[in-house]
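Q: quick one, what's the 3D model for this:
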Amino acid sequence: MDVLLRLIETTGFANMTLNHFIMIVIGCVAIYLAIVKKFEPLLLLPIGFGIIVGNIPYAEGLPLGVYDTVANGASQDSVFSLIYYGVTSGIFPPLIFLGIGALTDFSSLISNPKLVLLGAAAQIGIFATYLGALMLGFNNAEAASIGIIGGADGPTSIFLSSQLAPELLGPIAIAAYSYMALVPIIQPPIMKLLTTKEERLIRMKEPRPVSRREKILFPIIVVIVAALMAPGSLTLVGMMMLGNLLKESGVTDRLAKSAGNALLDIATILLAFAVGASTQADVFINTKSLGIFVLGLVSFMVATFGGLLFAKFLNLFMKNKINPLIGASGVSAVPDSARVVQHFALQYDKDNHILMHAMAPNVAGVIGSAIAAGVFIAIF
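A: Got it, this is the predicted structure:
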């Protein structure tokens, strides 16, 4: 009977709490959004499953969760804690940036360099939210990690929080990826509010052809300039530009395909699952997490406002007007934000294809958010 009672005490049913149940439901909702609504399925599905796995209750002493390490008194490190080490140590985000670089075509940005200003303007959401987080009582490192959510770049948010505020990594990562998945819901109302019908109908000239030499020189120049401006950005920007150089050089196609496919997929699966598993109810459900989600939404909205308004500002001085809608793609949710902008523009003119133009501030936003993260790392 003692053995039977002990067996019952070790089951998840005996250790289940309301908070565990709430988190498991949240994980199921994330999986539903990924499969049924197709909201960032490559991210939300492993995150949602990780949330479920991370919130299966178990008896104290079993090395199962991501926080069960020898340092925390467990008899041995859990398998999930070893996978989670790739997140907390900052290993997975640079690998993802390597793959993103190998898949990204910077031609639209190279052909029209002034559009980098739209990507830069969208980063205002990062710094505005940083100030807001300070006002709510977060310290500098925590506020910087929360603010980077406005860059709409999950790997950057994870990398920065792992360096500055690892205790907030789970809520920050979930907030960042959640708002990336909700781009089609969040951005269109803001675009409609800040632009007129005439502005949405603006047609831009086709981007000029870009030479192979320009494509090869671009990642080399960017990594040098970005690293000199913000040495803390070297890890993310350096890996991204390495991936892009592998793609554009024409002599390392096999490496570029490996980085952009197998390596990127492996790193994404492990990072997304580990982040989901880190949202254990006892560390996730608190007022700080709620504050992070609210600030993250504000950050994302301010970033969209910044890109749109700066595009309208540039049009005051430009002969060849730019469609201000592309300013919304300055948030670095690549390529979803650019696709949302394209879809929104086609509602008003079915022949107005601005996707390639929107990709310029979109990829500039990726670089901009990585540089912003580097600035925070250098300061804090």
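Q: name the nearest residue to residue 114, sequence neighbours excluded.
A: Closest residue in space to residue 114, ignoring its immediate chain neighbours: residue 314 at 7.7 Å, by C-beta to C-beta, 6 or more residues apart in numbering. Yep, even glycine has a C-beta here, placed from its N, CA and C like the rest.
Q: quick one: the helices in the stretch 101-250 of the chain?
A: 107-111, 116-121, 124-135, 140-147, 154-164, 169-181, 183-194, 197-200, 212-229, 234-248 (DSSP state H, counting those that start in this stretch).
Q: returning to that earlier point: ok, the residue nearest to residue 114 to residue 197 distance?
A: Counting by C-beta to C-beta, to the nearest Å, the separation of residue 314 from residue 197 is 19 Å.
Q: the more surrounded of these two?
A: In this view residue 314 and residue 197 are compared by other C-beta atoms under 10 Å, and residue 314 has more residues nearby, 18 against 9.
Q: where does pLDDT dip in this protein?
A: 71-75 (pLDDT under 70).
Q: could you redo the last one with a cut-off of 80?
A: Where the chain drops to pLDDT under 80, the residues are 6-10, 12, 14, 59-62, 70-76, 150-152, 181, 283, 332-333.
Q: with distance to residue 370 as extra columns, can I get the helices of the stretch 101-250 of the chain in a markdown table?
A: A markdown table is the format used below for the helices of the stretch 101-250 of the chain (distance: least, C-beta to C-beta, whole Å):
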| stretch | distance to residue 370 |
| --- | --- |
| helix 107-111 | 14 |
| helix 116-121 | 11 |
| helix 124-135 | 11 |
| helix 140-147 | 14 |
| helix 154-164 | 6 |
| helix 169-181 | 14 |
| helix 183-194 | 19 |
| helix 197-200 | 30 |
| helix 212-229 | 7 |
| helix 234-248 | 4 |
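Q: among the ones you listed, which comes closest to residue 11?
A: Closest approach to residue 11 among these (C-beta to C-beta): helix 169-181, 25.1 Å.
Q: re earlier: and the residue nearest to residue 114, which helix or strand is it part of?
A: Using DSSP states H and E, residue 314 maps to helix 287-315.
Q: do the same with residue 319
A: Assigned by DSSP H and E, residue 319 falls within no helix or strand.
Q: next, it: phi, psi?
A: Note on residue 319: backbone dihedrals following degrees, to the nearest 10 are phi -70, psi -50.
Q: count of neighbours near it?
A: Residue 319: 5 neighbours (other C-beta under 10 Å).
Q: for residue 209, see how far away it is.
A: 22 Å.
Q: for residue 171, same thing?
A: Residue 171 is 45 Å from residue 209, by C-beta to C-beta.
Q: between those two, which is the more surrounded one?
A: Just comparing residue 171 and residue 209: by other C-beta under 10 Å the higher neighbour count belongs to residue 171, 27 against 8.
Q: so the more buried one sits right up against residue 287, yeah?
A: No: using C-beta atoms under 8 Å, residue 171 is not in contact with residue 287; the gap is 10.9 Å.
Q: residue contacts, residue 380?
A: Contacts for residue 380 (C-beta atoms under 8 Å, 6 or more residues apart in numbering) come out as 140-141, 144, 164.
Q: mark which of those residues are buried, thanks.
A: Using 16 or more other C-beta atoms under 10 Å as the burial test, the contacts of residue 380 include 141, 144, 164 as buried.
Q: closest to residue 56 among the residues you listed?
A: So of these, ranked by how close each gets to residue 56 (C-beta to C-beta), first place is residue 164, at 29.7 Å.
Q: I figured that closest one was touching residue 138, is that so?
A: No: counting by C-beta under 8 Å, residue 164 does not reach residue 138; the two are 11.0 Å apart.
Q: quick check: the gap between the residue nearest to residue 131 when sequence neighbours are not counted and residue 304.
A: In this structure, residue 131 finds its nearest non-sequential neighbour in residue 143, 7.7 Å apart by C-beta to C-beta, 6+ apart. In this structure, residue 143 and residue 304 are 20 Å apart, going by C-beta to C-beta.
Q: swap in residue 145?
A: 21 Å.
Q: cool, residue 176 as well?
A: Distance, residue 176 to residue 304, using C-beta to C-beta: 15 Å.
Q: again with residue 191
A: Applying C-beta to C-beta, the value for residue 191 to residue 304 is 8 Å.
Q: so between the two, which is more surrounded?
A: residue 304 (28 against 21).
Q: right, and the more buried one touches residue 186 too?
A: Yes: contact status for residue 304 versus residue 186: in contact at 7.3 Å, counting by C-beta under 8 Å.
Q: returning to what we had before: identify the contacts common to residue 191 and residue 304.
A: residue 328.
Q: my guess is residue 10 meets residue 60, correct?
A: No: Residue 10 is beyond contact range of residue 60, at 10.0 Å (criterion: C-beta under 8 Å).
Q: quickly name whichever of the buried ones among the contacts of residue 380 is closest to residue 90.
A: Nearest to residue 90 among the buried ones among the contacts of residue 380, with distances taken as C-beta to C-beta, is residue 164, at 10.8 Å.
Q: residue 335 versus the nearest residue to that closest one once chain neighbours are set aside, what's the distance?
A: The shortest distance from residue 164 to any non-neighbouring residue, by C-beta to C-beta, 6+ apart, is to residue 141 (3.9 Å). Plainly put, residue 141 is 31 Å away from residue 335 if you go by C-beta to C-beta.
Q: quick one: secondary structure of residue 23?
A: Under DSSP: H, G, I helix; E, B strand; the rest coil, the three-state class of residue 23 is helix.
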